[in-house]
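>>> this one's structure only:
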């Protein structure tokens, strides 16, 4: 591999950057709010866009009943396979197309993909529709070189990361539709994520008995019982702060209640309250033990409450992402190319977030997160109003990924 090949790769990305931005605008403009999670139309559109580039996209639709039972409406995951000569590794590049709903407070339309002052605005501009274009154009640049390549590439575009990924990468892996040697999953330009937290999400239904507001003693107040559970959960936070991870970038476990629904009217004793809670686990924690502790905490909080019954349903148990043998090779190449393109050291560390890249790790496949984005999540407004991506960060990340693929696949 010559320096000339690297220069040509970078030049191709520069020459096609306007096309890349236009491609990203198309990807952003098709809504994929999850919930409700009607995401097959986006996959169909992306498959057509990919086919217009001369590639073929395999559509892997998850059975409708499975999707509905999961709480979504439709999921079609895409695999684009680019096989080269024998003798090299297969690298998968994974980005997810589902998004959290835009919410309020936007100055720019959430699905407008407006480009202004060097930024592109829109839901998933940074996380992670941006990396549909990062990865596609990195692969196009690599193939445009015309140099001999070995191994293969796969593009995995999946659609349920916000629900946990079990019907995204999890589905593709369980169905044995893919088994790459390495994975690069959507991330940010200035940091390679090598490890992330595990996540437990529970739905806690507190059953009581409705009663007239003028005679509250005729009911069993589910909300009063729920406040005991809330106090128990939030009372644990000082203890969680004392637990520290040895992984750089990851601090302590966290726990919160993200949603509460309950009651029927202002003047009625609440007969049912539903809490949805989230417990993040550092990589050193045992998810099975943590779940048992949290369930016991909730049950003990209302054990002596007459007429109160608690039902606990697990919504999600995602495992931590931990470095596997081979991930250091990915990190070394990305860091080398990051220094060359960005002109500074790209850090490699853990994150308190969780992502569906862990599912590749659970199948023994070394995975890291790297793609287009700023230095931190807050800078991108990810999951908030006016999510945005600096176009120069998109350009830089595409170059770093393309050069890394060249390192792995050049003959």
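Right, received. Where do you want to start? Nothing here was measured: the structure is a model prediction, and the numbers come from that model. Numbering: from 1, shown residues only.

>>> Check the gap between residue 125 and residue 95 for me.
To residue 95, residue 125 is 12 Å away according to C-beta to C-beta, to the nearest Å. C-betas here are computed from N, CA, C, even on glycine.

>>> Give me the more crowded residue out of these two.
Taking neighbours as other C-beta atoms under 10 Å, residue 125 and residue 95 compare with residue 125 leading, 32 against 27.

>>> Now for the nearest residue to the more buried one once chain neighbours are set aside, how many residues are close by?
Leaving out its chain neighbours, the residue that sits closest to residue 125 by C-beta to C-beta, 6 or more residues apart in numbering is residue 389, at 4.4 Å. By other C-beta under 10 Å, the residues close to residue 389 number 31.

>>> same thing with the one 10 residues further on?
Counted with other C-beta under 10 Å, the burial measure for residue 399 works out to 27 neighbours.

>>> Which other helices and strands does the lengthiest helix in the chain contact?
Ranked by number of residues, the top helix in the chain under DSSP state H is helix 391-409. With contacts taken as 3 or more C-beta pairs under 8 Å, 6 or more residues apart in numbering; DSSP states H and E, helix 391-409 sits against helix 3-15, helix 17-29, strand 85-96, strand 119-121, helix 130-144, strand 150-158, strand 182-185, helix 327-342.

>>> Include mean pLDDT when you put these into a markdown table, please.
What follows is the helices and strands packed on helix 391-409, written out as a markdown table (pLDDT from 0 to 100):
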| stretch | mean pLDDT |
| --- | --- |
| helix 3-15 | 94 |
| helix 17-29 | 98 |
| strand 85-96 | 97 |
| strand 119-121 | 97 |
| helix 130-144 | 98 |
| strand 150-158 | 98 |
| strand 182-185 | 98 |
| helix 327-342 | 97 |
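
>>> Isn't residue 159 up against residue 44?
No: at 11.2 Å, residue 159 does not count as touching residue 44 under the criterion of C-beta atoms under 8 Å.

>>> Compare these two and say which is more crowded by neighbours.
residue 159 (31 against 17).

>>> Could you measure from the more buried one over to residue 20?
22 Å.

>>> do residue 72 as well
29 Å.

>>> One more: residue 388?
According to C-beta to C-beta, residue 388 and residue 20 sit 17 Å apart.

>>> With residue 181 instead?
27 Å.

>>> okay, those two: which has more neighbours?
Neighbour tally, residue 181 and residue 20, criterion other C-beta under 10 Å: the higher count belongs to residue 20, 21 against 15.

>>> close enough to count as contact, that one and residue 391?
No: with contact defined as C-beta under 8 Å, residue 20 does not reach residue 391; the gap is 9.2 Å.

>>> Pull out the buried residues from stretch 206-226.
206-211, 219-226 (16 or more other C-beta atoms under 10 Å).

>>> returning to what we had before: so which strand or helix has the residue nearest to residue 125?
strand 388-390 (DSSP states H and E).

>>> Could you do residue 373 as well?
For residue 373, there is no host helix or strand (DSSP H and E).

>>> ok, it to residue 196 distance?
15 Å.

>>> do the same with residue 177
Distance, residue 177 to residue 196, using C-beta to C-beta: 24 Å.

>>> Now do the same contact list for the residue lying closest to residue 254 once chain neighbours are set aside.
Counting by C-beta to C-beta, 6+ apart, residue 254 lies nearest to residue 280, which is 4.6 Å off, once chain neighbours are set aside. By C-beta atoms under 8 Å, 6 or more residues apart in numbering, the contact set of residue 280 is 197, 198, 199, 253, 254, 255, 352, 354.

>>> I appreciate the help and will end here.
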